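A.B. asks: sequence first, then the predicted structure, then my questions.
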Amino acid sequence: MSHKALICLLLILSISVLNAQEPQTFHNSTDSAWYDQLLYNGTEWRPTMHLVDGHEFFLTSEFLHGSVTIEGITFNEIRMRYDICNDHIIILWKNTFPLVIDSKNVDEFTFTYNGVLRKFVNLGDKYPVIKGFAEVLYKGKSLVVVKYTKVISKNPTQVHYSEFREDTRYYFIVNGNCCQIRNKSSFLKAMGENEIAVRKFIRQQKVFVSIVSPGGFGIAATYFDSLPGKKRPD
């Protein structure tokens, strides 16, 4: 090998080592701190409702394993619980410190409970009739979601104590409009000119569409999305 070729080879190897080591170490350190700041942007959670029977959380007061997406970045293996009284997400920092994260920056979150994956999206203040987080039952061209809330009411059996009362409401979102699903009729009416076609479909396919069996909303909405000429709901 000539002296000139040897110098070129050493130069290439030196550049390769610099590219492989220094930038990678620098970016990893920077990204890690930035990701931590993005995820753990919040305040310490402390219990404030000591004299209320029950709890303010969805399904369970235990921390569940799930994921949180913030500004398009998904963080997995997060331990969390969802406060439906205040519409807050509480996560564990380093598995010990409960933190209420800034909900307005959260795009969506998921968790698994009793083997079932639950997905929630942040609707923000897009619609007058529903705000904040809602669970996704169906997502296509249209969207079927459910909003869970808890309020504090007087316990009828214990005069000196209060209890949490849960409220569940379903919504159908299409063409930028959101309508509350109060029953089967209100759901189908929101489909405009395709109401008759969807009614015929669920009758022929024997689809049970009801608040008692909300899975039928997704089946009907799937068929609705396949039809042309959807009108905006009232």
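C.D. replies: Looks like it came in fine. Given the structure is predicted, the values throughout are model-derived calculations rather than measurements. Numbers count the residues shown, from 1 in each chain.
A.B. asks: poorly predicted segments of the protein, please.
C.D. replies: Applying pLDDT under 70 to the chain flags residues 1-30, 50, 155-161, 229-234.
A.B. asks: which parts of it are helices?
C.D. replies: When assigned using DSSP state H, the helices of the chain occupy the ranges 3-39, 184-189, 195-204, 215-225.
A.B. asks: in this structure Ser103 contacts Asn122, no?
C.D. replies: Yes - the pair Ser103 / Asn122 is scored as a contact, 7.1 Å apart, by Cβ atoms under 8 Å. Every residue, glycine included, has its C-beta placed from N, CA and C.
A.B. asks: now the common contact residues for the two.
C.D. replies: Listed as contacting both Ser103 and Asn122 by Cβ atoms under 8 Å, 6 or more residues apart in numbering are 132-133.
A.B. asks: between the two, which one's more packed in?
C.D. replies: Higher neighbour count among Ser103 and Asn122: Asn122, with 20 against 17, using other Cβ atoms under 10 Å.
A.B. asks: now the more buried one: how far from Ile89?
C.D. replies: 10 Å (Cβ to Cβ, to the nearest Å).
A.B. asks: ok, now which ones touch Ile219?
C.D. replies: By Cβ under 8 Å, 6+ apart, Ile219 lies in contact with 202, 205, 207, 209.
A.B. asks: next one: it from Asn177, what distance?
C.D. replies: Ile219 is 21 Å from Asn177, where distance means Cβ to Cβ.
A.B. asks: please apply the same query to Ile89.
C.D. replies: Counting by Cβ to Cβ, the gap from Ile89 to Asn177 is 27 Å.
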